[in-house]
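K.L.:
coords below, sequence missing:
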Ligand SMILES: Cc1cc2nc3c(=O)[nH]c(=O)nc-3n(C[C@H](O)[C@H](O)[C@H](O)COP(=O)(O)OP(=O)(O)OC[C@H]3O[C@@H](n4cnc5c(N)ncnc54)[C@H](O)[C@@H]3O)c2cc1C
């Protein structure tokens with residue numbers, strides 16, 4: 001039935017890009033700039049993907065900002081520092097792709113700047129030996145705003161609300177894609193290549209079950225539309241997913257405010273971004289800290305050290321449900337509404353007010369303490385003089401909360417749980433709601449240096465490319481700013497090679 005659908009000239013392009021996040025936009029622009037016709041297909045009503053939800057940090061060396069700050073850095077040192085973030089996983093890295101990233105991300109960064117994006121940085125992030133992290137201003141929507149506008153201006157054809165369902169393969173070569181279902185079904189043909197840039201699979205139950213531990217698979221994603229379509233399509237044509245068990249999270253994070261913060265609502269305007277960059281260098285700390293706290297709302301993950309120092313995790317009913325020092329992120333998804341609160345007594349609250357006892361990291365100010373939450377994240381900060389009052393504030397049954405604390409302290413006394421400070425002295429603070437989420441699933445299709453998808457015997461599947469999260473190829477991207485660095489860098493390389501496959505004989509007259 002599907003084969004009876006004829007493609008027409010509106011549906012024939014040199015390059016097809018699947019997905020309109022950072023990777024897809026970079027791929028489409030690159031292919032178009034070397035004179036090929038390009039269509040970008042996005043399943044959601046608007047472009048953006050996880051790229052548009054991110055904080056927006058990108059890590060690169062030899063940036064104009066590094067040079068202006070007198071920091072002399074190199075891709076080689078960046079390459080050498082990255083395993084420090086991967087810890088025990090380091091031996092599973094794709095070293096060839098790490099080299100591709102660290103060698104090319106400086107140029108990617110300058111390209112992004114040349115299109116009008118404005119960055120703040122570089123910020124330190126050990127174990128990087130030099131400050132390399134840069135954050136886009138005013139927020140990550142600027143990436144999408146700037147790249148979408150530029151892509152359209154260059155003549156990339158963009159279709160939104162069009163979901164790619166499968167690849168079309170003829171004589172072993174990928175020659176196009178089928179989109180939609182039923183009457184909306186359509187074919188698009190590619191003379192050059194198809195680039196899968198459809199993000200990660202943190203929202204795909206089947207792929208999570210296949211590649212991750214069962215208890216990890218049931219944890220919700222941050223982006224519910226990261227459904228791993230590209231990984232699934234790649235697997236269908238003989239590709240393989242590498243490091244499918246690796247993910248950022250499950251991690252307990254503060255829920256972002258229900259209303260967009262002032263900073264997230266700011267229009268991605270270049271003048272404003274420049275003013276912000278200037279202000280961040282010149283603002284006094286008391287003014288900068290509230291600003292940054294509203295900037296990084298999706299980022300804030302309470303430090304696990306809170307639990308070592310005695311903080312107690314309860315569910316929305318005030319029940320204590322897990323040993324906080326034994327993978328609490330895996331227990332929280334089994335609780336009502338999957339939501340919890342972290343309780344601190346006075347001693348703990350005092351402790352988490354200064355270095356080295358921070359509540360969370362926060363790019364831009366490095367570390368956020370209890371006072372930062374009290375002043376700037378009132379939506380997740382609750383304090384009361386007694387447990388009863390705290391329970392009422394959180395809509396919990398006071399008796400249940402008091403019993404939870406008694407049992408928790410009892411378990412410490414009788415050695416049933418690991419020794420840590422008991423929860424005792426009022427006043428008390430509750431931080432939350434918190435939720436356990438998979439931030440990003442790092443399993444991507446196996447690819448080579450040209451971002452061709454590798455199939456049987458590690459040979460490229462002709463006509464098929466994958467980049468960004470979909471083409472992560474076993475590359476480990478721990479630390480901040482490496483995922484976006486890979487998204488834009490690999491997207492551009494994939495777009496270039498997919499374009500080269502459309503030979504000059506195919507070039508449309510207008511190109
Ligand atoms: C809260 C949060 C904060 C983050 N902050 C940072 C950060 O500061 N720095 C950093 O480096 N990384 C960060 N990351 C990770 C980073 O954002 C992602 O790794 C990166 O954006 C992935 O880009 P991508 O283009 O591969 O995927 P995406 O940006 O998700 O784009 C994929 C696109 O493909 C579309 N798509 C999917 N399937 C189909 C289909 N079948 N047909 C058509 N379209 C389809 C999707 O709708 C989506 O628009 C963060 C992640 C999260 C969740």
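P.N.:
Okay, I see it. The shown structure was predicted, so the numbers you read here are calculated from the model rather than taken from an experiment.

K.L.:
use CA for all of it now, contacts and neighbours both
P.N.:
Fine.

K.L.:
where exactly do the helices run in the stretch 301-450 of the chain?
P.N.:
Along the stretch 301-450 of the chain, the segments classed as helices by DSSP state H, counting those that start in this stretch run 305-308, 328-331, 346-351, 370-376, 387-393, 398-413.

K.L.:
who does the fifth one touch, helix- and strand-wise?
P.N.:
For helix 387-393, the helices and strands in contact under the criterion 3 or more CA pairs under 8 Å, 6 or more residues apart in numbering; DSSP states H and E are strand 381-384, helix 398-413, strand 428-437.

K.L.:
in TSV, list those along with distance to residue 19, mean neighbour count and mean pLDDT.
P.N.:
Rendered in TSV, the data for these read as follows (distance: least, CA to CA, whole Å; neighbours: other CA atoms under 10 Å; pLDDT from 0 to 100):
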stretch	distance to residue 19	mean neighbour count	mean pLDDT
strand 381-384	38	19	97
helix 398-413	47	17	96
strand 428-437	23	24	96
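
K.L.:
let me have those in JSON lines, extended by distance to residue 492.
P.N.:
As requested, the helices and strands packed on helix 387-393 are arranged in JSON lines below (distance: least, CA to CA, whole Å):
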{"stretch": "strand 381-384", "distance to residue 492": "43"}
{"stretch": "helix 398-413", "distance to residue 492": "53"}
{"stretch": "strand 428-437", "distance to residue 492": "30"}
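
K.L.:
quick one: closest of the ones you listed to the ligand.
P.N.:
If you check each of the helices and strands packed on helix 387-393 against the ligand by CA to the nearest ligand atom, strand 428-437 wins as the nearest, at 9.1 Å.

K.L.:
name the helices or strands packed onto that closest one?
P.N.:
Contact here means 3+ CA pairs under 8 Å, 6+ apart; on that basis strand 428-437 packs against strand 251-254, helix 328-331, strand 339-344, helix 346-351, strand 381-384, helix 387-393.

K.L.:
now tabulate those in TSV and tack on distance to residue 412.
P.N.:
Conversion of the helices and strands packed on strand 428-437 to TSV gives the following (distance: least, CA to CA, whole Å):
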stretch	distance to residue 412
strand 251-254	23
helix 328-331	17
strand 339-344	16
helix 346-351	16
strand 381-384	24
helix 387-393	19
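
K.L.:
does the ligand sit close to stretch 451-461?
P.N.:
No: Stretch 451-461 lies out of reach of the ligand by CA under 6 Å from any ligand atom, never closer than 13.0 Å.

K.L.:
okay, how far is it across that stretch, tip to tip?
P.N.:
Between the opening and closing residues of stretch 451-461 lies a distance of 11 Å (CA to CA, to the nearest Å).

K.L.:
which residues are contacting that stretch?
P.N.:
When contacts are taken as CA atoms under 8 Å, 6 or more residues apart in numbering, the neighbours of stretch 451-461 outside the stretch itself are 172-174, 234, 237-240, 445-448, 462-467, 471, 490, 493-494, 497.

K.L.:
go on, stretch 82-102?
P.N.:
With contact meaning CA under 8 Å, 6+ apart, stretch 82-102 is reached by 60, 75-76, 78-79, 127-128, 243, 448-449, 473-479, 485-486, 489-490.

K.L.:
quote the end-to-end distance of that stretch.
P.N.:
Distance between the boundary residues of stretch 82-102 (CA to CA) amounts to 9 Å.

K.L.:
in the stretch 351-500 of the chain, what residue comes closest to the ligand?
P.N.:
Counting by CA to the nearest ligand atom, the stretch 351-500 of the chain gets nearest to the ligand through residue 481 (3.2 Å).

K.L.:
in the stretch 51-200 of the chain, which spans are strands?
P.N.:
Counting by DSSP state E, counting those that start in this stretch, residue ranges of the strands within the stretch 51-200 of the chain are 57-59, 118-123, 133-137, 157-159, 164-170, 173-179, 186-196.

K.L.:
helices or strands up against whichever helix or strand comes after the longest one?
P.N.:
Downstream of strand 186-196, the first helix or strand assigned by DSSP states H and E is helix 205-211. Identification of packing neighbours for helix 205-211 by 3+ CA pairs under 8 Å, 6+ apart yields helix 214-217.

K.L.:
quick one: the next helix or strand after the helix it packs on to strand 164-170, angle?
P.N.:
Helices and strands here follow DSSP H and E; after helix 214-217, the next one along the chain is helix 229-236. The directions of helix 229-236 and strand 164-170 differ by 30 degrees, with axes from the mean of the first three to the mean of the last three CA atoms, to 10 degrees as the criterion.

K.L.:
list the buried residues of helix 229-236.
P.N.:
Buried residues in helix 229-236, defined by neighbour count with 16 or more other CA atoms under 10 Å: 229, 230, 231, 232, 233, 234, 235.

K.L.:
which one is residue 74 nearest to, not counting chain neighbours?
P.N.:
residue 61 (5.8 Å; CA to CA, 6 or more residues apart in numbering).

K.L.:
contact partners for the one you found?
P.N.:
Residues in contact with residue 61, defined by CA under 8 Å, 6+ apart, are 73, 74, 75, 78, 105, 106, 132.

K.L.:
nothing else from me, thank you.
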